[in-house]
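# return a 3D structure for these sequence lines:
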Amino acid sequence: MFEQLFIAIDVMFMCYMCMVYIRIYKKVNMPKREGTKRKHETEPESIHEQREFEDLWKQIFSVGTEWEHIDSLYTHNWNFTNLEKAFEQGGLLHDKKVYLFGSTEFQQDDEKEKLTCIPIIVAVVSPIPPSDKIGIKSVQRETEEIVNMKHMKMDWVPYIPLSKRASSIERVKQFQIFILQCVQRRAGLKQMTIDRIKKFDYCLPYIYNPFEEDETDNSTIVDIVYPPVVCTFDYEFDELEKFTNGLIDEEALCEDRMDEFKEFVREKVRELKRANRDANKKRKKAKEEMDQHKVTAFENMKVYKFYPVDSPDFAIRQKAKYVNRYYGKAHMVL
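Modelled structure (predicted):
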């Protein structure tokens, strides 16, 4: 009996020593956690709170921007908080129906070492879409095309602020912000002709407001391209005979081509006068056929142009009111 008792005591002692050994081994061999703080001493992580319209400018398509430049727009962290604040309480665009489209301009950086492509956002305040058309025109293209937006895979779509993106479709219908987007995918460009691709580069948001005269309407200046002569002729102020003799004296025009040149200029003047008459008829007809709701919309329409806010990386050197050949100048630049 005593023998069994001693054996039991030996086993218990050996188990105890094993437990002590394991504890000592862990204490010696486990790596120390240096620099750790107690739970109550840890600093809380800073959480970035998204602003209501933080991604607005990135959702807007930059119309007429060459495909190779579109990616470069997002390499810089442009700051459009001026546009965001315009939609807040008391802001310029708060509680108004607004249509937004993008474009780009090139400006030099502070060191004047390179040109930077900067995004521009244009806001049109209007109870109706300003237009469902796109103009395709550039210096390189002789003709001007006015086509439906959908022909270029563009359309006005509602913008949903970040905090409301879980809302139902019925609530989405109440939103007042519409942005121009393009669903053309880069991968699809490989299957297009060069001319079709270039059309995207030459696109301009189009509008026809019969209550505002275009800069070219009723113009008296004719562009003359009669190789080697390239000039302008103002039929209201320039006398054709004197104008032609001046070119001959400057040796820009051969004397034996004088009569041919004068007839060429006369024809260009006739074409411009016809274009001015047609434009005036078109404007008059559009006013007569327009319902009162559209008349009010066009008369009260406002156009605002937003540049990025200056940052330590890039400061905007110039701000211009000019939007494009169809919209003319913005009412305000911000």
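# residue 227 and residue 83, how far apart?
Note on residue 227: its distance to residue 83, by CB to CB, to the nearest Å, is 47 Å. Where C-beta positions appear, they are placed from N, C-alpha and C, glycine not excepted.
# the two - which one has more neighbours?
More crowded of residue 227 and residue 83, by other CB atoms under 10 Å: residue 83, with 24 against 5.
# what sits against that one?
53, 56-57, 121, 123, 306, 334 (CB atoms under 8 Å, 6 or more residues apart in numbering).
# would you turn those residues into JSON lines with distance to residue 238?
JSON lines is the format used below for the contacts of residue 83 (distance: CB to CB, whole Å):
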{"residue": "53", "distance to residue 238": "52"}
{"residue": "56", "distance to residue 238": "49"}
{"residue": "57", "distance to residue 238": "46"}
{"residue": "121", "distance to residue 238": "41"}
{"residue": "123", "distance to residue 238": "41"}
{"residue": "306", "distance to residue 238": "41"}
{"residue": "334", "distance to residue 238": "41"}
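# for residue 97, state which of these is nearest.
Comparing the contacts of residue 83 against residue 97 with CB to CB places residue 123 closest, at 10.7 Å.
# residue 259 - how many residues pack around it?
Number of residues near residue 259 (other CB under 10 Å) recorded here: 10.
# summarise which helices and strands the one helix or strand it maps to is packed against.
In this assignment (DSSP states H and E), residue 259 forms part of helix 258-289. Secondary-structure packing of helix 258-289 (3 or more CB pairs under 8 Å, 6 or more residues apart in numbering; DSSP states H and E): strand 221-226, strand 229-234, helix 240-249.
# format these as a markdown table; extra columns: mean pLDDT.
Listed next are those as a markdown table, based on pLDDT from 0 to 100:
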| stretch | mean pLDDT |
| --- | --- |
| strand 221-226 | 86 |
| strand 229-234 | 87 |
| helix 240-249 | 87 |
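# between these, which gets nearest to residue 295?
Taking the helices and strands packed on helix 258-289 one by one with CB to CB, strand 221-226 is closest: 31.2 Å.
# then that closest one to CSV, C-alphas only?
Taking C-alpha atoms only, strand 221-226 is exported to CSV below (Å, rounded to 0.1, in the frame of the first residue of the first chain):
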residue,chain,number,x,y,z
ILE,A,221,-16.2,88.9,-91.9
VAL,A,222,-15.4,86.3,-94.5
ASP,A,223,-12.5,83.8,-94.2
ILE,A,224,-10.6,83.8,-97.5
VAL,A,225,-8.5,80.8,-98.4
TYR,A,226,-7.2,81.4,-102.0
